[in-house]
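>>> okay, predicted coordinates and the sequence, questions at the end:
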Amino acid sequence: MKFTPEHEALRQTWKTLIDREINPHMDEWDRAGSFPAHELFRKLGAAGLLGVDKPVEFGGSGLDFSYAMVCSESLGLVNGGSVPMAVGVQISMATPALARYGSDELRGEYLAPSITGDYVACLGVSETGAGSDVASIKTTARRVGGDWVIDGGKMWTTNGAQADWMCLLANTGEGPVHRNKSLIVLPMKTKGVQIVKKLNKLGMRASDTVQTFFDNVKVPVRNTIGQPGMGFVYQMQQFQEERLWAGAGTIMGCDRIINATIDYTRERQVFGRPLLDNQVVHFRMAELRAEVEALRSLVYRACEDYLAGKDVTMLASMAKLKAGRLRREVSDACLQYWGGAGYLWDNPVARSYRDGRVGSIGGGADEVMLQIISKLMGTMPRLENR
Ligand SMILES: Cc1cc2nc3c(=O)[nH]c(=O)nc-3n(C[C@H](O)[C@H](O)[C@H](O)COP(=O)(O)OP(=O)(O)OC[C@H]3O[C@@H](n4cnc5c(N)ncnc54)[C@H](O)[C@@H]3O)c2cc1C
C-alpha cells in the first residue's frame, strides 16, 4: 500500500477527534451501556469522516476504499470496540450497497444525512433463527400495490435503538434463496416496527444492540436498493467491505494493547526487576507484534486487490478470520502480564478482552470464513457446498 499525505491527514483528523471526543468518555459510555450516536456522528460528519469513499453528489469525498480502510485502522486508537463497531456499521455495513445501487432519490434521502451524521444507520440481516446461514432468513416483504408489507424480525442489530433507518434484508420472492431477497431502506419510525429489547452483552457494552419485530410494516417499493431479488448478492458484496474493515480495525487495536502492556511491564517491578525484562514477556510481545505485522500485510494486500477490481472474497475472509483470532490472542496474552490489574473492569486490556471476543462471531463466524475459504480452495464436500 502506498499512503499519500492525504491518507496521513485523515489519520491525524481521526486521532484528534478520538483524543478529544471519544476516549475521554469511553469509561462512562461503557458503564451506561450506550453512547450518544447522533451527537458523536454529527461531529464525525462535520469533519468529513463518515463518507470518505462515498459519492461527492451526496456529501461524500469520493475517495477510494483505501481511505475507508484508514478510517477503520485509525479507530483502533479508541479505548474499546463499541464505538468503532457502531461507526463501522454506519460506514461499511449499512451504507455501501445504498451508495452503489440506490436510486438518486433514495441516496439523497438516506445516504446524504448518514454522511453528515444527522441519520444513524443500522443493518438488519441476522435473525433469531438465521445468523451464519444468511440465506435462511425468514423476514418477508410482500408487494401490495406500491408498497412492501414487511413481517418478521431481526436480531443483533447494532445501533438499532438509536437508528433512523435500517438497511433490511428480506425475502421478496419465491425463487432460489440467493435470488429471492431484496435490500430495503426501512425508516425505524415506521408504524409496526417494534424494538423488542436491548440485548445485555458480554462486551461492546457502549454499543446498543437490539432485537426488532416487524408487524405489517409498510414502506414504498421505491425504498428498494437496486434491483428486487438482488439483495443477497448485494449483501455478499457489502460483506467484503465489512470484512476488510474488520481486518483493518484490528491492527491498531492490537498495537495499542501491546504498547500499553510494554509500558506497564516496563514499570512494574516483580522479583526486583521490570516484568518486561523476563525473556518470556518480551519474547511474547515480539511474537505478537510479528503477528500484527502479518495481519497488516494481508489486509493491505487484500485492499490493493480490491482497489484493482479483483475478487477479494478469499483474502477478505482470511483477513477477517486472522483478525478475529489475533484480537483474542493479543488481549488474552497481554491481560496475563497485567496480573490482577488486568482483571479490573475499566482496564483497557480487560475491555479489549471482552469487546474483542465478538470478532470471531459477528459479521461471519470463524467457521463461516473457513467454509468460504474451503469452498474457494475446492476442498469442501459436495453436500456442504451450497
Ligand atoms: C455484538 C454483536 C453485534 C452484531 N451486529 C449485527 C448487526 O448489526 N447486524 C446483523 O445483521 N447482525 C449482527 N450481528 C450478528 C452476527 O453477525 C451473528 O451473530 C453471526 O453471524 C453468527 O450468527 P448466530 O449468532 O446466529 O450464530 P449461529 O449461526 O447459530 O452459529 C453459532 C456458531 O456455530 C459455529 N458455526 C457456524 N457455521 C458453522 C459451520 N459451517 N461449521 C462449523 N461451525 C459453524 C460458529 O462458531 C458460530 O459462532 C451481531 C452480533 C453480535 C454478537
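Yep, it's here. Numbers count the residues shown, from 1 in each chain.
>>> next up, the contacts around Ile195.
160-161, 210-212 (Cβ atoms under 8 Å, 6 or more residues apart in numbering). (C-beta placed from N, C-alpha, C; glycine too.)
>>> ok, Pro113 next?
Pro113 neighbours (Cβ under 8 Å, 6+ apart): 119, 164.
>>> check which helix or strand it maps to.
Using DSSP states H and E, Pro113 sits in helix 112-116.
>>> mind exporting the C-alpha coordinates of that helix to CSV?
C-alpha atoms of helix 112-116 as CSV (Å, rounded to 0.1, in the frame of the first residue of the first chain):
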residue,chain,number,x,y,z
ALA,A,112,-26.6,12.1,2.4
PRO,A,113,-27.8,12.5,6.0
SER,A,114,-25.9,9.4,7.1
ILE,A,115,-22.7,11.0,5.7
THR,A,116,-23.4,14.3,7.7
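>>> which helix or strand lies directly C-terminal to it?
That would be, after helix 112-116 and using DSSP H and E, strand 121-124.
>>> picking that back up, so of the contacts of Ile195, which ones are in strands?
210-212 (DSSP state E).
>>> what about Glu28, which SS state?
At Glu28 the chain is in helix, as set by DSSP: H, G, I helix; E, B strand; the rest coil.
>>> Gly81 versus that one, what's the distance?
16 Å (Cβ to Cβ, to the nearest Å).
>>> for the residue of the chain found nearest the ligand, give me the backbone phi and psi.
Distance from the ligand to each residue of the chain (Cβ to the nearest ligand atom) is smallest for Gly131, at 1.9 Å. With angles defined as degrees, to the nearest 10, Gly131 sits at phi -120, psi -70.
>>> and the pLDDT for it?
As predicted, Gly131 sits at a pLDDT of 96.
>>> for the spatially closest residue to Gly59 that is not a sequence neighbour, give me the pLDDT.
Leaving aside its chain neighbours, Gly59 sits nearest to Ile115 (4.3 Å; criterion: Cβ to Cβ, 6 or more residues apart in numbering). Note for Ile115: predicted pLDDT of 98.
>>> before we move on, what about Arg386?
53.
>>> can you check Gly175 too?
Note on Gly175: pLDDT of 88.
>>> how about Glu241?
On the pLDDT scale, Glu241 gets 88.
>>> same deal with the one 10 residues further on?
Looking at Ile251, its pLDDT is 97.
>>> run the chain-centre distance for the helix or strand hosting it.
Applying DSSP H and E as the criterion places Ile251 in helix 231-267. Distance, stretch centre to chain centre, for helix 231-267: 9 Å (Cα atoms, centre = their mean, to the nearest Å).
>>> ok, back up a step: which of Glu28 and Gly81 has more neighbours?
Using other Cβ atoms under 10 Å as the criterion, Glu28 and Gly81 rank with Gly81 on top: 28 against 10.
>>> in space, what's closest to that one - neighbours in sequence excluded?
That would be Asp355: by Cβ to Cβ, 6+ apart, it lies 3.2 Å from Gly81.
>>> so who does that neighbour touch?
Neighbours of Asp355 in contact, by Cβ under 8 Å, 6+ apart: 80-82, 203-204.
>>> which among these are in contact with the ligand?
When contact is defined as Cβ under 6 Å from any ligand atom, the contacts of Asp355 meet the ligand at Met204.
>>> what helix or strand is Cys167 on?
Using DSSP H and E, Cys167 sits in strand 165-171.
>>> picking up where we left off before, how much space between the residue of the chain closest to the ligand and Glu21?
For Gly131, the distance to Glu21 - Cβ to Cβ - is 33 Å.
>>> between those two, which is the more surrounded one?
Gly131 (18 against 15).
>>> could you list the domains of this protein?
Per the record, the chain has its domains at 5-120, 122-228, 233-384, by automatic domain parsing.
>>> pretty sure Trp29 contacts Ser82?
Yes. The pair Trp29 / Ser82 is scored as a contact, 7.0 Å apart, by Cβ atoms under 8 Å.
>>> would you confirm that Tyr306 contacts Ala68?
No. Assessed by Cβ under 8 Å, Tyr306 is found out of contact with Ala68, at 10.2 Å.
>>> looking at the two, which has the bigger crowd around it?
A count of neighbours by other Cβ under 10 Å puts Ala68 above the other of Tyr306 and Ala68, at 24 against 20.
>>> wait, a helix at the more buried one?
Yes. Ala68 forms part of a helix when assessed by three-state DSSP.
>>> name the nearest residue to it, ignoring sequence neighbours.
Asp53 (4.5 Å).
>>> residues contacting that neighbour?
60-65, 67-68.
>>> what do you get for Pro228?
Counted by Cβ under 8 Å, 6+ apart, Pro228 has contacts 172-173, 182, 221.
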